[in-house]
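Peer 1: Show me the folded form of this:
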Amino acid sequence: MTLHPSTASKTRVARVVVLLSPLVVIAIGYLVATVSKRSLDSGMAWLPPMIIYWLSLVLAIAWMRGLSAFRTWLQPSKGAWGWHLLSLVNPAMIAIPSVLFFESFAELPLWRIVAWLLIVTLNPVVEEGYWRATLMDAAQTWPGLAAIGYSAIWFGLSHPLIIGINIDLVAGFTGFMGAFVNGLIWSVVYYQTGSLRWGIGSHIVANMFSIAIFLGLIHIGLG
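Peer 2: So this is what the prediction gives:
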């Protein structure tokens, strides 16, 4: 099908807006995280930027693609099973060290357990919906490696520049590289399978361990 010139132009403009939107998401997140760090107790300073971060991603998906796009993104996966299994690398990178160096569970108030369940459920859905599907769909005319790399780099930068301002676990260059590698794998899986099913599932399991460590639900010792 050949698009009318004006329609094609609008489509190109829309894609450019989507592809540049990480600048806005990260700028807003960084500003809120910085103000939160200066204004709130260190134990709670991470919460406002996380809420704004999730809200930004949900609004971006809703405005750029519509939340109904999840019906397409969650369709059955395609491609060879090797690409599906690749997504298991992400949770393994955090689960294996957590199990090997596990020390104890912590007795924590109910709100922390509820927060853990909420983050583990919500975060993977909105992050995969935005950083993977929304960005990579907008870059569908690019070479595959370019679309994959673009998504992974922005995902990597979002962690130290938003979340890492108040959470040392994902701060600095280490935080960037950890998120970048994870993002690279999830981007490859989405590109090869055309679905977010395995990416979201993998992301949930990875967050189960990383968020449990951050919230203090489990203690690990690394010597």
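Peer 1: separation between the residue positioned nearest the centre of the chain and residue 97?
Peer 2: In the chain, the C-alpha closest to the average C-alpha coordinate belongs to residue 127, at a distance of 3.4 Å (C-alpha atoms, centre = their mean). The gap separating residue 127 from residue 97 is 22 Å, by C-beta to C-beta, to the nearest Å. No exception for glycine: its C-beta is placed from N, CA and C like everyone else's.
Peer 1: With residue 170 instead?
Peer 2: For residue 170 relative to residue 97 (C-beta to C-beta), the value is 15 Å.
Peer 1: how distant is the helix or strand bottoming out on mean pLDDT in the chain from the center of its chain?
Peer 2: In the chain, the helix or strand scored least confidently by mean pLDDT, DSSP states H and E is helix 5-39, which has a mean of 85. For helix 5-39, the distance from its own C-alpha centre to the chain's C-alpha centre is 15 Å (C-alpha atoms, centre = their mean, to the nearest Å).
Peer 1: that older thread, for residue 170 and residue 97, indicate the residue with more neighbours.
Peer 2: Per other C-beta atoms under 10 Å, whichever of residue 170 and residue 97 has more neighbours is residue 170, with 21 against 14.
Peer 1: show me what contacts that one?
Peer 2: Residue 170 makes contact with 159-160, 163-164, 178-179, according to C-beta atoms under 8 Å, 6 or more residues apart in numbering.
Peer 1: Please apply the same query to residue 128.
Peer 2: 73, 186, 190, 196, 199-200, 203.
Peer 1: if we can go back for a sec, looking at the contacts of residue 170, which are in strands?
Peer 2: Residues of those located in strands (DSSP state E): none.
Peer 1: quick check, nearest of the residues you listed to residue 62?
Peer 2: Nearest to residue 62 among those, counting by C-beta to C-beta, is residue 163 at 21.8 Å.
Peer 1: Would you agree that closest one is in contact with residue 48?
Peer 2: No. Look at residue 163 against residue 48 with C-beta atoms under 8 Å: they stay out of range, at 11.9 Å.
Peer 1: Of the two, give the one with the bigger neighbour count.
Peer 2: residue 163 (22 against 17).
Peer 1: now that one: how far from residue 52?
Peer 2: Residue 163 is 11 Å from residue 52, by C-beta to C-beta.
Peer 1: Next: residue 198.
Peer 2: In terms of C-beta to C-beta, residue 198 sits 28 Å off from residue 52.
Peer 1: Of these two, which one has the most company?
Peer 2: Taking other C-beta under 10 Å, residue 198 and residue 52 do not tie; residue 198 has more neighbours (22 against 18).
Peer 1: Need the pLDDT of that one.
Peer 2: Residue 198 is assigned 97 on the pLDDT scale.
Peer 1: The one 3 residues further on now?
Peer 2: At residue 201, the pLDDT value in this model is 97.
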